[in-house]
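In: task: produce atomic coordinates for the following.
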Amino acid sequence: MINITIFCDGGLGNRLGTLIGGLLSAEKIGKSPIICWPANTWCGCLFSDIFELNYEVINYNINELFRNNQNKIFLIHENQTNFKLNKVFSHTLENLEILKSSDEEIIYYHNGIPNYFSKEDILIKLGSLKIQKYILDIFYNFIEKEKIDSDTIGIHFRKTDANGKLNEFAILDEIKANSDKKYFICSDDEQTENKFRSLSNVKIFQKTQYVEKLISGDWNDLVVDNEGRRFNYNVNRKKESVIQGFIDLLILSRTSMRGDEQSTFYNLAKLYSNINF
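Out: The predicted structure follows:
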């Protein structure tokens, strides 16, 4: 069977969006999926650190992958390299139908899940990714010990490189005024979590590593990543920060959630709320 290589880059939420869209596209056009998941400053852990290996996985960075496949078909949202790509298709259902009959290998790269796939199909594919047992053990131990369920109010504060819209001071007052209710608080910013840590009706998953800055300065300072790409996202997500952030996400998915609708983390948690794992 002809291969479609799914290039997963960016933070964990973006990567899983790319992966789900890629797997659904592969299924629709009858290609065999290969996952390309490099460890870099955007996401310092490998696919196998989080999920069981049910697919072939490679770890090429974007320059290696694009350079070595310049004459293949590219189904991508943008070319973030300096290499000339000869056959580029955008993400549309019409193009998927065209590629269905192609006997050439395809490189897939999309920074989100295409909107032409149904929520049902998205959930089936997300649920097919088997989470590593050690992560599930930590997750289950926490929710059982702290009695986290749908009655728990879970709040995600999006911070660091993309400050969300939730006002932590207003929510702090809300929590103090509702001492009979249980809250779960999570954030990629330790200082934000610390504002809530002393409250008796707040539960927080204890993390040992958070997102760091790649260079000194502000979170949105211009940086050049290890591939030579320039972005206003001054982040360095090391392996443990990604894994522990994923555990936060799984816990959040079992609560009555609130968060920033623009956050891939929050939207991924909403998808996981429909999945038993």
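In: CA only for contacts and neighbour counts going forward, please
Out: OK.
In: show me the helices in the chain, by range?
Out: 12-29, 47-50, 62-68, 93-100, 119-128, 133-146, 168-177, 190-194, 239-252, 264-272 (DSSP state H).
In: the last one vs helix 119-128, what angle?
Out: Angle, helix 264-272 to helix 119-128, by axes from the mean of the first three to the mean of the last three CA atoms, to 10 degrees: 100 degrees.
In: re earlier: how about CSV for the helices of the chain, with distance to Ile35 added?
Out: Putting the helices of the chain into CSV (distance: least, CA to CA, whole Å) gives the following:
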stretch, distance to Ile35
helix 12-29, 8
helix 47-50, 9
helix 62-68, 12
helix 93-100, 19
helix 119-128, 14
helix 133-146, 21
helix 168-177, 38
helix 190-194, 32
helix 239-252, 18
helix 264-272, 19
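In: tell me which of those sits nearest to Arg258.
Out: helix 264-272 (8.2 Å; CA to CA).
In: tell me the pLDDT at Asp161?
Out: You'll see Asp161 listed with a pLDDT of 85.
In: and what of Ile58?
Out: 97.
In: thought Trp37 was touching it, still the case?
Out: Yes. Counting by CA atoms under 8 Å, Trp37 is a contact partner of Ile58 at 6.3 Å.
In: between these two, which one's more packed in?
Out: Set Ile58 next to Trp37 and count neighbours by other CA atoms under 10 Å: Trp37 wins out with 24 against 17.
In: residues contacting the more buried one?
Out: 7-9, 46-47, 57-61 (CA atoms under 8 Å, 6 or more residues apart in numbering).
In: so which of the residues you listed belong to strands?
Out: 7, 57-58 (DSSP state E).
In: now those residues as JSON lines including distance to Ala269?
Out: Formatted as JSON lines, the ones in strands among the contacts of Trp37 follow (distance: CA to CA, whole Å):
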{"residue": "Phe7", "distance to Ala269": "22"}
{"residue": "Val57", "distance to Ala269": "24"}
{"residue": "Ile58", "distance to Ala269": "26"}
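In: Cys43 and Lys239 touch, don't they?
Out: Yes. Between Cys43 and Lys239 there is a contact under CA under 8 Å: 7.0 Å.
In: gap between the nearest residue to Phe47 once chain neighbours are set aside and Gly11?
Out: Residue nearest to Phe47 in three dimensions, not counting chain neighbours: Trp37, with 6.3 Å by CA to CA, 6 or more residues apart in numbering. Here the criterion is CA to CA, to the nearest Å. By it, Trp37 lies 11 Å from Gly11.
In: please apply the same query to Glu212.
Out: 13 Å.
In: wait, which of the helices of the chain is closest to Met1?
Out: Here helix 12-29 is closest among the helices of the chain (CA to CA), at 10.9 Å.
In: tell me which residues in that closest one are buried?
Out: 12-26, 29 (16 or more other CA atoms under 10 Å).
In: which one of these is nearest to Ile131?
Out: Nearest member of these to Ile131, counting by CA to CA, is Leu16, at 12.6 Å.
In: neighbours of the residue lying closest to Leu12 once chain neighbours are set aside, just the number please.
Out: The shortest distance from Leu12 to any non-neighbouring residue, by CA to CA, 6+ apart, is to Cys43 (6.4 Å). Summarising burial for Cys43: neighbours were counted as other CA under 10 Å, giving 27.
In: which ones are touching Cys43?
Out: 9-12, 236-239, 242.
In: same list, these, but as a markdown table with distance to Glu120 and pLDDT please.
Out: As requested, the contacts of Cys43 are arranged in a markdown table below (distance: CA to CA, whole Å; pLDDT from 0 to 100):
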| residue | distance to Glu120 | pLDDT |
| --- | --- | --- |
| Asp9 | 24 | 96 |
| Gly10 | 25 | 93 |
| Gly11 | 24 | 93 |
| Leu12 | 21 | 95 |
| Asn236 | 34 | 95 |
| Arg237 | 31 | 96 |
| Lys238 | 32 | 97 |
| Lys239 | 31 | 97 |
| Val242 | 27 | 98 |
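In: can you select the buried ones from these in PyMOL?
Out: Restricted to buried positions by 16+ other CA under 10 Å, the PyMOL selection for those reads:
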select buried, resi 9+10+11+12+236+237+238+239+242
